[in-house]
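Trainee: Quick one, structure for this:
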Amino acid sequence: MLTIVDATGKPLPGAEVKISQKSHEFLFGCNIFVLGQMKEKNEAYEEAFLKLFNFATIPFYWDDLEPESGELRFTEGSPYIWRRPPPDRAVAFGKKHGLTLKGHPLLWHSGAHNPHWMPKAPDELKQRYLRRFQEIAERYAKDIPIWDGVNESLVCSADFPLFSAENRNHPTYVPWAFTEQQKRFRPENLLMINDVTTFNWPADETNRYYQQCRKLLDDGIPIEGIGFQFHFFSRKALDGYLGGGQCDPNTLLDTYEMFAEFGLPLWITEITIGSAGDDGLAIQGRVARDIYRLWFSAPKMAGITWWNLGDGTAHGNEGIAGGGLADEDFNPKPACNALDRLINHDWKTNLETKSNADGRVIFHGFHGGYDVEVTHAGKSHTFPLKISSKQAAQATLTMP
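Mentor: Model prediction:
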């Protein structure tokens, strides 16, 4: 509710009020893994990114961030690695354009993304992880508010030096990692857990991911967000999902409602919905539109991250599936246009009205930042306004 008053505090009835939403509180994102690496297409890449997204995932894979022990690729001018721009570049881009940033990941068991020199002895490896957490926190905790603290632990292989488990749902390195990360990052940083698509269902207590999060929280382990991946790396996998019993909106919503009981923000962290195959572009567009509508409506959902913006920028099967929202020249596919319609039109509040006899304007709006232009007695003034999920949406606007 807005109350329009004059300089003496007297309500102004009949004032013309134009309300225009400029930004979202909800985070719509994508990875930013090829920032500055597209040569003559850099500008097209950046324009396509900024048209849709207010949220960017920055790569912090250990093998590429520290390919040799002690040689950190933090700064601009670091040795070139495809899909691994130095974090300083991504932070500068985020600051310039007002993006919320996320670091991914701090700890991942995957041998393909750990350095060749990584210690094999558990105690020595823990010490190197503590050094890694400290170095990253000291440089980036201020500018990057959100982090994947542990990635894909429920599919951790037994050859990972830190792997041991009470049972397969509770790898013991997970509580250790979150506890140590919390000591080094800032209180305002959000450290989340992230796992693979398999754990988007079932919507009951047999769900392994639910069991893991439940135990971590019951044991006082400070996870602060829960991430769900949504990858289908081939047309066969996508068709199998769409034709299977798990492709049911109620199944997904029930799952998210179950996890929402923890009181933590939920995130869709990585999405590959391909466009390859017969009628692939149209299928990708329809699935993207419908699944985003479901996610945006889910309780406690705080953000959604598509994984690769353009074809030709992805890794392995992600690229074969045609999982970009745009083609190799960053021309939008139907899926991109569908998300543009949702994010920039359907889910933005814009209206024109007049204040009532008490000088009040009551409206429903999406959470985010607004410009409110008020015109009265031939004079106009524009006020910034923030509508937040964290506080009552009431403001008094005083005409100068």
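
Trainee: So which residues make contact with stretch 279-287?
Mentor: Outside of stretch 279-287, the residues within contact range by Cβ atoms under 8 Å, 6 or more residues apart in numbering are 235, 238, 242, 273-275, 277, 322, 333-335, 337-338. Every residue, glycine included, has its C-beta placed from N, CA and C.

Trainee: Please name the spatially closest residue to residue 292 (chain neighbours excluded).
Mentor: Once flanking residues are discounted, residue 292 sits nearest to residue 342: 5.8 Å by Cβ to Cβ, 6 or more residues apart in numbering.

Trainee: how deep is that neighbour tucked in, by neighbour count?
Mentor: Neighbourhood size, residue 342 [other Cβ atoms under 10 Å]: 18.

Trainee: can you check residue 57 too?
Mentor: Neighbour tally, residue 57, other Cβ under 10 Å: 25.

Trainee: which SS class is the residue nearest to residue 292?
Mentor: helix (DSSP: H, G, I helix; E, B strand; the rest coil).

Trainee: Now the element after the host helix or strand of residue 137, going C-ward?
Mentor: Using DSSP states H and E, residue 137 maps to helix 122-140. Note on helix 122-140: by DSSP H and E, the next helix or strand toward the C-terminus is strand 146-151.

Trainee: Which strands and helices lie in contact with that next one?
Mentor: strand 100-104, helix 173-184, strand 190-195 (3 or more Cβ pairs under 8 Å, 6 or more residues apart in numbering; DSSP states H and E).

Trainee: what's the average pLDDT for it?
Mentor: Mean per-residue pLDDT for strand 146-151: 98.

Trainee: For the remainder of this discussion, apply numbering that starts at 368.
Mentor: All set: I'll call the first residue 368, so the last point we hit is now strand 513-518.

Trainee: CA atoms only for it, dumped as CSV, please.
Mentor: Extracted in CSV, the C-alpha atoms of strand 513-518 (Å, rounded to 0.1, in the frame of the first residue of the first chain):
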residue,chain,number,x,y,z
ILE,A,513,25.9,-17.3,-2.5
TRP,A,514,28.0,-20.5,-2.7
ASP,A,515,27.6,-24.2,-3.4
GLY,A,516,29.4,-25.4,-0.4
VAL,A,517,29.2,-29.1,-1.3
ASN,A,518,28.2,-30.5,-4.7
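
Trainee: JSON lines please, covering the helices and strands packed on strand 513-518 and showing distance to residue 401, mean neighbour count and mean pLDDT.
Mentor: Shown next, in JSON lines, are the helices and strands packed on strand 513-518 (distance: least, Cβ to Cβ, whole Å; neighbours: other Cβ atoms under 10 Å; pLDDT from 0 to 100):
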{"stretch": "strand 467-471", "distance to residue 401": "15", "mean neighbour count": "23", "mean pLDDT": "99"}
{"stretch": "helix 540-551", "distance to residue 401": "27", "mean neighbour count": "19", "mean pLDDT": "98"}
{"stretch": "strand 557-562", "distance to residue 401": "21", "mean neighbour count": "22", "mean pLDDT": "98"}
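
Trainee: Which one, of these, ends up nearest to residue 733?
Mentor: Among the helices and strands packed on strand 513-518, strand 467-471 comes nearest to residue 733, with 16.4 Å by Cβ to Cβ.

Trainee: quick one: strands adjacent to the closest one?
Mentor: strand 422-426 (parallel), strand 513-518 (parallel) (DSSP bridges).

Trainee: Tell me how far the helix holding residue 504 lies from the chain's centre.
Mentor: Mean-position distance between helix 489-507 and its chain equals 24 Å (Cα atoms, centre = their mean, to the nearest Å).

Trainee: Repeat that for stretch 405-416.
Mentor: The answer for stretch 405-416 is 21 Å, by Cα atoms, centre = their mean.

Trainee: that older thread, now the strands paired with strand 467-471 in TSV, with distance to residue 615?
Mentor: Formatted as TSV, those follow (distance: least, Cβ to Cβ, whole Å):
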stretch	distance to residue 615
strand 422-426	28
strand 513-518	27
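
Trainee: So for the worst-scoring helix or strand of the chain on mean pLDDT, what gets flagged as buried?
Mentor: Lowest by mean pLDDT, DSSP states H and E among the helices and strands of the chain is helix 684-687, with a mean of 88. Applying a neighbour-count criterion of 16 or more other Cβ atoms under 10 Å, one finds 685-686 buried in helix 684-687.

Trainee: hmm, who's touching that helix?
Mentor: For helix 684-687, using Cβ under 8 Å, 6+ apart, the contacting residues are 598, 600-601, 639, 643, 674-675, 678-680.

Trainee: wait, residue 495 sits on residue 488?
Mentor: No - if you go by Cβ atoms under 8 Å, residue 495 and residue 488 don't touch, sitting 10.1 Å apart.

Trainee: about what we covered before: what pLDDT, on average, does the helix holding residue 504 get?
Mentor: For helix 489-507, the per-residue pLDDT averages 98.

Trainee: do the same with stretch 737-750
Mentor: Mean predicted confidence for stretch 737-750 is 97.

Trainee: Endpoint to endpoint, that stretch covers what distance?
Mentor: 8 Å (Cα to Cα, to the nearest Å).

Trainee: Name the residues that touch that stretch?
Mentor: Around stretch 737-750, the neighbours that count as contacts under Cβ under 8 Å, 6+ apart are 369, 371, 379, 381-389, 716, 751-754, 764, 766-767.

Trainee: what's the neighbour count on the residue nearest to residue 726 when sequence neighbours are not counted?
Mentor: Counting by Cβ to Cβ, 6+ apart, residue 726 lies nearest to residue 378, which is 2.8 Å off, once chain neighbours are set aside. By the criterion of other Cβ under 10 Å, residue 378 has 16 neighbours.
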